[in-house]
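S.K.: structure here, sequence nowhere to be found:
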């Protein structure tokens with residue numbers, strides 16, 4: 001399915017999900033008070049629809065910046081919280097008469113305002129059908145809010161509003177389905193997408209399209225505390241926890257999506273606000289098992305405010321409006337630190353009102369700027385002009401801003417968030433609580449959510465960017481924070497200490513010792529980061545055997561927190577500024593082929609033409625490179641550089657029965673030697689290529705035209721040479737720039753084929769000068785190797801049957817032989833060559849923008865040469 005087809009499908013799913021959810025609510029309110037659909041069942045159904053709606057909105061082509069993304073995420077969050085509250089009410093968890101009302105009001109009121117903002121932007125930016133749908137949904141939620149205040153309105157009015165949303169959603173979904181199925185020939189009135197698609201192609205989305213939904217979610221969690229301060233709700237209780245934890249969960253997802261959008265700073269900001277949401281929900285949940293309100297660790301909140309302030313400072317260099325917005329959260333953290341009652345105090349709730357207003361204002365700006373041609377100024381131009389006059393501060397910009405470690409990644413770097421979570425988790429351990437009541441102090445959200453869940457997220461993103469050591473350490477530390485945080489601060493360990501816990505911590509210490517050793521080859525900062533965490537692990541171990549000295553755990557946590565804070569600052573500066581980055585230090589130990597140094601192999605993304613040109617320059621200068629093809633990754637050298645051909649042979653430790661092959665981009669490169677080929681062989685090569693078919697042809701004087709000189713002995717055997725034109729645009733373009741190349745598999749002889757660019761350097765090390773990174777291979781099967789040394793007798797053999805079946809090769813040969821009036825004995829049915837086979841459905845991926853696994857030519861490694 002094409003891109004536009006997939007977008008239409010996801011839009012239809014989103015609209016149908018909205019219509020289905022509204023229909024359920026309409027039936028529920030119309031049958032009230034008999035409740036045709038019980039509250040528990042309705043809540044479960046809404047919870048099932050919510051992830052489907054969120055998925056459809058996310059997959060709905062964020063590059064077009066449609067308001068449908070924000071609308072889907074807003075409704076998904078609304079129905080998630082709404083569904084959980086209905087389940088709680090149905091199970092008797094909200095027994096008081098006004099509990100259900102107080103639980104629902106913050107979410108309903110905030111959703112009404114958020115939907116009205118989206119409707120306003122939709123009307124202003126030319127998306128009337130989405131604006132109309134958002135307006136109808138806002139009308140339904142506002143009617144429900146009014147129903148909770150006055151029963152005279154009646155539930156039937158709410159049911160009618162939801163029915164209107166259902167009809168609108170179903171109508172527009174039907175229009176999109178008809179438009180898609182009829183390929184634009186049939187369109188319902190008001191749903192003609194032809195003009196809309198033309199507009200979307202002309203309107204490029206600027207920035208991160210998920211910022212606006214994240215800001216709307218900030219409105220939602222702030223409204224829980226605003227409603228209490230303004231007297232809309234009577235108290236803060238367990239009924240408000242679903243809204244806070246739904247917001248936290250969605251913001252973790254938006255954090256990931258922001259990394260996909262290459263927006264590091266806003267992703268970090270949403271990670272921070274997710275921590276606040278989970279902490280607030282934990283505080284509201286605590287009175288259900290303890291009568292007193294929980295205490296917040298003051299030093300931790302001060303540190304959190306510092307982290308927010310630094311993030312706001314660096315974010316203001318890119319977007320002053322967003323940077324100023326984060327200052328409100330700095331104030332909120334300080335207000336929490338100054339209030340003994342924490343989230344229950346009036347001071348933080350007053351700041352929550354400011355967060356609500358600021359979130360609504362900034363969300364409106366982002367919603368409008370996503371779609372409008374004329375943008376609302378956010379101060380970026382003024383900051384750029386100011387920094388242009390400075391010789392010290394320069395923003396990092398350009399295509400290399402988020403260049404990954406190994407050249408290919410769909411995510412920006414998440415190390416800022418991972419280091420910040422280490423800071424929060426370590427300072428949370430300094431909280432001194434009552435050992436008999438470990439839950440009385442709010443520590444679990446900072447240790448488990450920040451130190452555990454979000455650090456797992458950072459480790460996963462680091463792995464996607466090729467940072468194997470960093471990702472392993474982050475994931476390892478996250479698991480330790482989660483296990484120890486729950487054991488020590490959730491009361492799971494109790495007053496007794498377990499030998500089994502001590503054994504587990506010892507195993508962890510051994511694993512971390514290996515991380516410390518490996519960090520010697522990375523940089524100085526990482527060595528101290530992993531080494532100081534060993535101190536924290538030591539405090540865990542001593543505590544598990546009841547031998548912890550007084551003050552040791554606090555000292556170890558502070559040391560690790562300070563080192564993590566320096567790493568946070570260094571990562572924050574290096575991701576934003578050029579030239580003034582805080583040093584992470586050089587590797588403390590460097591060995592040949594190990595660690596970062598001057599001989600480090602370049603990793604360049606295959607999707608960039610500049611990368612292919614740079615690889616070509618390296619090959620012309622005598623280097624060897626790993627490149628993607630239409631089969632597996634291969635190691636290549638230019639034929640015009642005999643020294644490089646010999647280098648490639650040495651780096652592979654080639655066995656005599658594993659000769660290297662020759663690749664060209666077109667037969668024009670062999671045109672000067674055409675008279676040395678028989679007409680049948682030449683026409684067979686012309687019909688078979690480009691394709692994953694390697695033809696073994698007789699060795700001859702034609703090799704002299706390629707300039708390999710004495711290094712030609714490393715290519716092929718004394719009697720024959722394997723030649724191929726790959727069916728990969730990246731590879732053929734590279735050969736156009738360099739000329740014919742010699743090829744061998746990008747792995748030591750005897751090992752499995754290399755199927756990802758990460759494996760090339762891991763297997764060959766500094767023996768390869770650069771790697772053209774295209775990600776995973778489209779095919780894991782090598783090419784078919786055909787013996788053409790006796791083709792003039794009418795026969796061919798097969799050294800290896802790979803991705804192309806033997807029957808297809810024979811069909812190509814039959815067509816060529818018919819041209820020369822030679823009837824083959826083995827062919828079965830005619831064809832018109834490789835192009836017609838492709839047209840019949842036997843297609844092969846061309847590897848554009850992907851890592852097509854390199855063809856090892858006559859290097860099958862695990863296969864024997866067998867003639868059929």
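M.R.: Alright, I've got the coordinates. Note that the structure is a prediction, hence the values are computed from the model and not measured.

S.K.: can you give me the distance of residue 44 to residue 17?
M.R.: Using C-beta to C-beta, to the nearest Å, residue 44 is found at 15 Å from residue 17. Bear in mind the C-beta positions are built from the backbone N, C-alpha and C, glycine included.

S.K.: among these two, which residue is more densely surrounded?
M.R.: Set residue 44 next to residue 17 and count neighbours by other C-beta atoms under 10 Å: residue 17 wins out with 26 against 16.

S.K.: and the more buried one, what pLDDT?
M.R.: Looking at residue 17, its pLDDT reads 91.

S.K.: again, but for residue 858
M.R.: We have a pLDDT of 41 for residue 858.

S.K.: for residue 590, same thing?
M.R.: Listed pLDDT for residue 590 reads 70.

S.K.: so it sits against residue 521, correct?
M.R.: Yes. Using C-beta atoms under 8 Å, residue 590 is in contact with residue 521, at 7.1 Å.

S.K.: if you count surrounding residues, which of these two has more?
M.R.: Applying other C-beta under 10 Å to residue 590 and residue 521 shows that residue 521 carries more neighbours, namely 18 against 15.

S.K.: let me see the backbone angles for the more buried one.
M.R.: Residue 521 has phi and psi values of phi -90, psi 0 when expressed as degrees, to the nearest 10.

S.K.: what do you get for the one 10 residues further on?
M.R.: Main-chain torsions, residue 531, degrees, to the nearest 10: phi -70, psi -40.

S.K.: who's in contact with it?
M.R.: The contact partners of residue 531, by C-beta atoms under 8 Å, 6 or more residues apart in numbering, come to 516, 519.

S.K.: relative to residue 374, how far out is it?
M.R.: Counting by C-beta to C-beta - residue 531 and residue 374 are separated by 54 Å.

S.K.: what ranges do the helices span in the stretch 401-550 of the chain?
M.R.: Here the stretch 401-550 of the chain has its helices, by DSSP state H, counting those that start in this stretch, at 415-428, 444, 455-464, 468-489, 499-519, 524-544.

S.K.: tilt between the fourth one and helix 455-464?
M.R.: So the one you mean is helix 468-489. With axes from the mean of the first three to the mean of the last three C-alpha atoms, to 10 degrees defining the directions, helix 468-489 sits at 170 degrees from helix 455-464.

S.K.: so how far is helix 468-489 off the chain centroid?
M.R.: Mean-position distance between helix 468-489 and its chain equals 21 Å (C-alpha atoms, centre = their mean, to the nearest Å).

S.K.: remind me what it packs against, helices and strands.
M.R.: If contacts are counted by 3 or more C-beta pairs under 8 Å, 6 or more residues apart in numbering; DSSP states H and E, helix 468-489 sits against helix 415-428, helix 444, helix 455-464, helix 499-519, helix 524-544.

S.K.: and what of the fifth one?
M.R.: Using 3+ C-beta pairs under 8 Å, 6+ apart as the contact criterion, the neighbours of helix 499-519 among helices and strands are helix 468-489, helix 524-544.

S.K.: in that helix, what's buried?
M.R.: By neighbour count on 16 or more other C-beta atoms under 10 Å, the buried set for helix 499-519 is 501, 502, 504, 505, 508, 509, 512, 515, 516, 518, 519.

S.K.: is it true that the second one touches residue 541?
M.R.: When you say that, I think you mean residue 502. Yes. Residue 502 lies in contact with residue 541 (C-beta under 8 Å); the separation is 6.2 Å.

S.K.: helices or strands next to the helix or strand in which residue 83 is found in the packing?
M.R.: Using DSSP states H and E, residue 83 sits within helix 67-90. With contacts taken as 3+ C-beta pairs under 8 Å, 6+ apart, helix 67-90 sits against helix 3-30, helix 39-59, helix 99-125, helix 128-149, helix 211-229, helix 241-260, helix 346-371.

S.K.: tell me what the fifth one is packed against?
M.R.: What it means is helix 211-229. When contacts are defined as 3+ C-beta pairs under 8 Å, 6+ apart, helix 211-229 packs onto helix 67-90, helix 99-125, helix 241-260, helix 264-285, helix 346-371.

S.K.: what mean pLDDT does it get?
M.R.: 93.

S.K.: that one vs helix 346-371, what angle?
M.R.: Counting by the same axes, to 10 degrees, helix 211-229 points 150 degrees away from the direction of helix 346-371.

S.K.: same deal with the fourth one?
M.R.: For helix 128-149 against helix 346-371, the angle by the same axes, to 10 degrees is 160 degrees.

S.K.: related to what we said a few turns ago, which of the helices and strands packed on helix 468-489 has the lowest mean pLDDT?
M.R.: What stands lowest among the helices and strands packed on helix 468-489, in mean pLDDT terms, is helix 444, with a mean of 83.

S.K.: what residues does that helix touch?
M.R.: With contacts defined as C-beta under 8 Å, 6+ apart, helix 444 is touched by 282, 485, 486, 489, 490.

S.K.: okay, now the fourth one: neighbour count?
M.R.: Using other C-beta under 10 Å as the criterion, residue 489 is surrounded by 23 other residues.

S.K.: chain neighbours aside, what residue packs nearest to it?
M.R.: Computed as C-beta to C-beta, 6 or more residues apart in numbering, the closest residue to residue 489 that is not its neighbour in sequence is residue 443, at 4.5 Å.

S.K.: measure that neighbour to residue 479 for me?
M.R.: Distance of residue 443 to residue 479, computed by C-beta to C-beta: 18 Å.

S.K.: these two - which one has more neighbours?
M.R.: A direct count of neighbours by other C-beta under 10 Å for residue 443 and residue 479 places residue 443 higher, at 27 against 16.

S.K.: wait, residue 343 touches residue 281, no?
M.R.: No. At 9.4 Å, residue 343 does not count as touching residue 281 under the criterion of C-beta under 8 Å.

S.K.: okay, helices next: where are they in the stretch 701-850 of the chain?
M.R.: 729-738, 757-764, 806-819, 834-839.

S.K.: could you dump the ones you listed into TSV with mean pLDDT added?
M.R.: As requested, those are exported to TSV (pLDDT from 0 to 100):
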stretch	mean pLDDT
helix 729-738	90
helix 757-764	77
helix 806-819	86
helix 834-839	40
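
S.K.: which stretches of the stretch 551-700 of the chain have low pLDDT?
M.R.: 579-580, 591-600, 652-658 (pLDDT under 70).

S.K.: for residue 377, helix, strand, or coil?
M.R.: Assigned by DSSP: H, G, I helix; E, B strand; the rest coil, the conformation of residue 377 is coil.

S.K.: what residues are shared contacts of residue 343 and residue 281?
M.R.: By C-beta under 8 Å, 6+ apart, no residue touches both residue 343 and residue 281.

S.K.: quick revisit: quick one, which of the helices and strands packed on helix 67-90 is nearest to residue 734?
M.R.: Between residue 734 and those, the tightest spacing by C-beta to C-beta is seen for helix 3-30, at 26.9 Å.

S.K.: show me which residues of the closest one are buried.
M.R.: Applying 16+ other C-beta under 10 Å to helix 3-30 flags 7-30 as buried.

S.K.: output the contacting helices and strands for it.
M.R.: For helix 3-30, the packing partners by 3+ C-beta pairs under 8 Å, 6+ apart come out as helix 39-59, helix 67-90, helix 128-149, helix 155-181.
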